[in-house]
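J.: Fold the following for me, if possible:
(one chain, ligands or ions: 1)
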Amino acid sequence: MSIVIAVDGTAASGKGTLAKRLAQHFGFAHLDSGALYRLTALAVLEAKGDTQNEADAVRGAQTIDFNRAGDPAIRTDIVGKAASHVAAIPAVRQALLDFQQDFLARPPGGSPGAVMDGRDIGTVICPGATAKLYVDAAPEIRARRRWNELKSMGIRRAEQDVLNEINARDAADKSRPVSPLKQALDADLLDTSDLGIDAAFAAALALVFPKVDGALKDRHRG
Ligand code: C5P
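T.: Coordinates of the predicted model:
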């Protein structure tokens, strides 16, 4: 069994940055599972398909090119919203399940562990994860951070529109019947509303360290 840190949370909560930094800290592999849904949505949009149509969306999931995970084209708000559409289709989630579970079972590069961020990692993909975080922040604060991020990329948006989109995406992710976003019973809540990124990382590390360190020591003993 590899060591797994599951990082779930709301849109623009900072979970991706925290997951990446936790992976660096422990020397673990990292997967942003949201990229899989974004790549699926992009594949459907590029094929001129309908992101709410099951056959189109499943075809998209089956043809994703993971080499494009770093493509800025998947980071737009349009693709984020479309990702939320394809993510609500059970057959799409099923099509992406093996990839995620294989990644956790055999992290690339022979790493002893993996960090995965998303919406259902601690609840569905890996309920037995070594450590689980649920990252959240007040919607207005998440919208401000996202607005600033967009501004630094030269994209000017009304802050209220960004807030509306974040609220709409959270509502869709929390209310869908399959794999809804929710805090796992055994996940630690990390509210980053009043924390800068360094303080949020320190808090995340303090929460997961005892569990991960214990698991690493067990592996050395075993
Ligand atoms: O995290 P990110 O904003 O990149 O995710 C985009 C969308 O993909 C989310 O709004 C959600 O609908 C979906 N998603 C999901 N399950 C995951 C990761 C992302 O449903 N594990």
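
J.: got a list of what Thr40 touches?
T.: Ala57, Gly60, Ala61, Ile64, Ala83, Val86, Val92, Leu96 (Cβ atoms under 8 Å, 6 or more residues apart in numbering). From N, CA and C alone the C-beta is placed, and that goes for glycine too.

J.: The host helix or strand of Asp170: what's the following helix or strand?
T.: Secondary-structure element containing Asp170, defined by DSSP states H and E: helix 159-175. Beyond helix 159-175 on the C-terminal side, the first helix or strand identified by DSSP H and E is strand 188-191.

J.: can you pull the buried residues of the helix or strand following that following strand?
T.: Per DSSP H and E, strand 188-191 leads on to helix 197-221 as the next helix or strand towards the C-terminus. For helix 197-221, the buried set under the neighbour-count rule, 16 or more other Cβ atoms under 10 Å, comprises Ala200, Phe201, Ala203, Ala204, Leu207, Val208, Lys211, Val212, Ala215.

J.: cool, and stretch 109-120?
T.: Burial within stretch 109-120, assessed by neighbour count using 16+ other Cβ under 10 Å, is assigned to Ser111, Pro112, Gly113, Ala114, Val115, Met116, Asp117, Gly118, Arg119, Asp120.

J.: In PDB, could you pull the C-alpha coordinates for it?
T.: What follows is stretch 109-120 as a C-alpha-only set of coordinates in PDB (Å, rounded to 0.1, in the frame of the first residue of the first chain):
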ATOM      1  CA  GLY A 109       8.700   7.300 -10.300                       C
ATOM      2  CA  GLY A 110       8.500   4.600  -7.600                       C
ATOM      3  CA  SER A 111       7.600   7.200  -5.000                       C
ATOM      4  CA  PRO A 112       6.400   5.800  -1.600                       C
ATOM      5  CA  GLY A 113       3.300   8.000  -1.700                       C
ATOM      6  CA  ALA A 114       1.000  10.300  -3.600                       C
ATOM      7  CA  VAL A 115      -1.000  13.400  -3.000                       C
ATOM      8  CA  MET A 116      -4.200  13.800  -5.000                       C
ATOM      9  CA  ASP A 117      -6.500  16.800  -4.900                       C
ATOM     10  CA  GLY A 118     -10.100  17.000  -6.100                       C
ATOM     11  CA  ARG A 119     -13.700  16.700  -4.800                       C
ATOM     12  CA  ASP A 120     -14.100  13.000  -4.000                       C
END
